[in-house]
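> Sequence first, predicted model second:
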Amino acid sequence: MISRALKLKRNRKLNREIKAYLWHLTGVYNWAIKTIELRKYLGLGYSAFDLFNLASGHAKKCGISAQALQGTISQAFNAWKRCWDGLGKKPRLKGVKNKLNSFEFPSACKLDKENYRIKLPKLGWIKFHSFTKGLPEGSIASTVRIIQKASGLYAVVVFKETEHQQVVLATNEKIGIDTGFKDLLTLSNGVVFERPTELKKSADQLAKNQRGKSKKKTARIQERIARQRKDRNHKISHDLIRDYKEIYITNDNLKGMSNRFGKSVANAGLSQLRQFMLYKGSSCGRVVKLVESKNTTVTCSNCGSLTGPKGLSGLNVRDWVCASCGTSHDRDVNAAKNILNFGQRYCLDNLVSVKLTKLEETKQIFV
């Protein structure tokens with residue numbers, strides 16, 4: 001699937017209609033959340049289809065699209081499902097401090113790319129800005145989500161495309177990546193991606209507006225910072241997937257690191273960057289694996305001895321010499337080399353175990 005965000009051209013009528021949709025769908029979302037919780041407690045059915053039947057005819061009474069109502073019910077059901085699967089917390093009800101800012105049309109919508117407009121159920125044709133680029137040719141829009149942001153209204157369109165191929169180099173190079181504090185990324189071949197500085201100006205503006213208690217300007221700046229971070233992560237992941245055939249990334253506990261070290265970790269967007277590399281690698285035929293980072297810093301990449309700097313007190317040690325073999329190491333480059341070695345060893349062990357399993361299955365067939 002490929003998604004594209006189209007910025008809609010706003011007018012008074014559209015603003016009034018979207019505001020009415022969000023008002024009614026907030027009540028629908030809260031009703032669905034409480035109904036699912038009650039029906040599960042009583043041991044009754046709590047599938048999305050049961051809720052669709054219970055809400056039958058409600059969209060016509062409110063003057064909204066039935067598809068938007070179904071999409072909101074599915075959103076509430078998916079929120080509970082993530083909670084039961086251990087992927088998220090208990091869903092919160094929507095209100096003044098936790099506003100519903102989006103809703104979805106789950107069925108296909110018409111898209112007129114030549115005239116830059118999209119047709120939505122009950123809302124009709126809506127124009128979007130022509131600076132939107134990268135729309136797939138001949139693709140069918142499967143779902144559309146309307147999102148209200150500080151900078152305006154957006155229609156996030158999902159196209160029925162299975163793969164999105166980018167141009168990659170014909171190479172067999174393998175790389176290990178260590179995420180750090182001093183630098184954003186350090187590769188096992190010595191290449192370093194420095195910590196981003198493009199967010200500093202926006203962060204200063206954000207602090208001024210927060211002190212001035214300007215909520216609208218604060219929301220706009222926060223959105224701009226998120227876009228800058230996303231754009232930078234897309235560019236870095238694009239370059240890495242293009243240049244390397246196998247990529248092994250340290251699987252650090254970024255949430256725990258953020259809680260301990262705060263803004264320096266959160267602003268880097270390392271989790272987003274890892275996700276970009278994972279999905280781009282899978283669509284381009286690259287090998288991208290997460291590798292556990294235990295002992296990658298203290299292990300000598302040359303002899304394997306555990307002689308490196310340890311603990312929080314050792315974070316200031318950026319260069320060290322192995323006491324066993326005398327090899328001089330840069331802390332981050334050495335960790336990246338260990339990640340590459342550990343990742344290759346893990347993949348090789350898995351390949352051998354799969355082949356042995358298939359061999360045993362073959363023997364059982366002929367016995």
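Sure thing, it's come through. Residues are numbered from 1 along each chain as shown.

> drop to CA atoms for contacts and neighbour counts, all remaining ones
Noted.

> what's in contact with stretch 222-230?
Here stretch 222-230 makes contact (Cα atoms under 8 Å, 6 or more residues apart in numbering) with A150, S151, E198, L199, S202, A203, L206, A268, G269, Q272.

> hey, where'd the helices end up in this protein?
Ranges of helices in the chain, per DSSP state H, are 12-42, 48-54, 58-62, 66-84, 200-211, 215-243, 254-261, 263-266, 270-283, 331-366.

> Reformat these as JSON lines; add distance to K113.
Shown next, in JSON lines, are the helices of the chain (distance: least, Cα to Cα, whole Å):
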{"stretch": "helix 12-42", "distance to K113": "20"}
{"stretch": "helix 48-54", "distance to K113": "33"}
{"stretch": "helix 58-62", "distance to K113": "30"}
{"stretch": "helix 66-84", "distance to K113": "23"}
{"stretch": "helix 200-211", "distance to K113": "34"}
{"stretch": "helix 215-243", "distance to K113": "24"}
{"stretch": "helix 254-261", "distance to K113": "40"}
{"stretch": "helix 263-266", "distance to K113": "38"}
{"stretch": "helix 270-283", "distance to K113": "26"}
{"stretch": "helix 331-366", "distance to K113": "45"}
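
> Among those helices, show the one with the smallest mean pLDDT.
Among the helices of the chain, helix 331-366 carries the lowest mean pLDDT, a mean of 64.

> picking that back up, out of the helices of the chain, deepest packed?
Counting by mean count of other Cα atoms under 10 Å, helix 66-84 has the highest mean neighbour count of these, with a mean of 20.

> Just list what that helix packs against, helices and strands only.
Counting by 3 or more Cα pairs under 8 Å, 6 or more residues apart in numbering; DSSP states H and E, the packing neighbours recorded for helix 66-84 are helix 12-42, helix 48-54, helix 58-62, strand 102-105.

> let's see 10 Å
helix 12-42, helix 48-54, helix 58-62, strand 102-105, strand 141-149 (3 or more Cα pairs under 10 Å, 6 or more residues apart in numbering; DSSP states H and E).

> I'd like the ones you listed laid out as JSON lines, including distance to S258.
Shown next, in JSON lines, are the helices and strands packed on helix 66-84 (distance: least, Cα to Cα, whole Å):
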{"stretch": "helix 12-42", "distance to S258": "31"}
{"stretch": "helix 48-54", "distance to S258": "36"}
{"stretch": "helix 58-62", "distance to S258": "43"}
{"stretch": "strand 102-105", "distance to S258": "28"}
{"stretch": "strand 141-149", "distance to S258": "26"}
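
> Of all those, which one is nearest I249?
Judged by Cα to Cα, the one of the helices and strands packed on helix 66-84 that comes nearest to I249 is strand 141-149, at 32.5 Å.

> That closest one pairs with which strands, parallel or anti?
Using DSSP bridges, strand 141-149 pairs in its sheet with strand 102-105 (antiparallel), strand 152-159 (antiparallel).

> okay, the ones you listed, which one's buried deepest?
Highest mean neighbour count among the strands paired with strand 141-149 (mean count of other Cα under 10 Å): strand 102-105, with a mean of 22.

> Output it as CSV, nothing but the C-alphas.
Below are the C-alpha coordinates for strand 102-105, written out as CSV (Å, rounded to 0.1, in the frame of the first residue of the first chain):
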residue,chain,number,x,y,z
SER,A,102,-9.7,12.5,12.0
PHE,A,103,-12.2,10.1,10.5
GLU,A,104,-12.0,7.6,7.7
PHE,A,105,-13.9,6.6,4.6
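
> picking up where we left off before, the strands paired with strand 141-149 into CSV, with extra columns for mean pLDDT and distance to A5?
Output for those, formatted as CSV (pLDDT from 0 to 100; distance: least, Cα to Cα, whole Å):
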stretch, mean pLDDT, distance to A5
strand 102-105, 90, 13
strand 152-159, 86, 4
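
> Need the ones you listed in TSV (columns: distance to M257).
Below are the strands paired with strand 141-149 laid out as TSV (distance: least, Cα to Cα, whole Å):
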stretch	distance to M257
strand 102-105	31
strand 152-159	32
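
> Of all those, which one is nearest L8?
It is, among the strands paired with strand 141-149 and with distance given as Cα to Cα, strand 152-159, at 5.5 Å.

> How far does the closest one sit from its chain's centre?
In this view, strand 152-159 has its centroid 17 Å away from the chain centroid, taken as Cα atoms, centre = their mean, to the nearest Å.

> could you give the angle of that strand to helix 12-42?
Here the directions of strand 152-159 and helix 12-42 differ by 60 degrees (axes from the mean of the first three to the mean of the last three Cα atoms, to 10 degrees).

> So what touches strand 152-159?
1-10, 14-15, 18, 101-106, 108-109, 111, 118, 120, 126, 128, 135-136, 138-148, 220 (Cα atoms under 10 Å, 6 or more residues apart in numbering).

> could you flag which of those residues are buried?
Neighbour counting over the contacts of strand 152-159 (16 or more other Cα atoms under 10 Å) leaves 3-8, 18, 101-106, 108-109, 111, 118, 120, 126, 128, 136, 140-148 as the buried ones.

> before we move on, the earlier item: can you say which of the helices and strands packed on helix 66-84 is nearest to V288?
It is, among these and with distance given as Cα to Cα, strand 141-149, at 28.7 Å.
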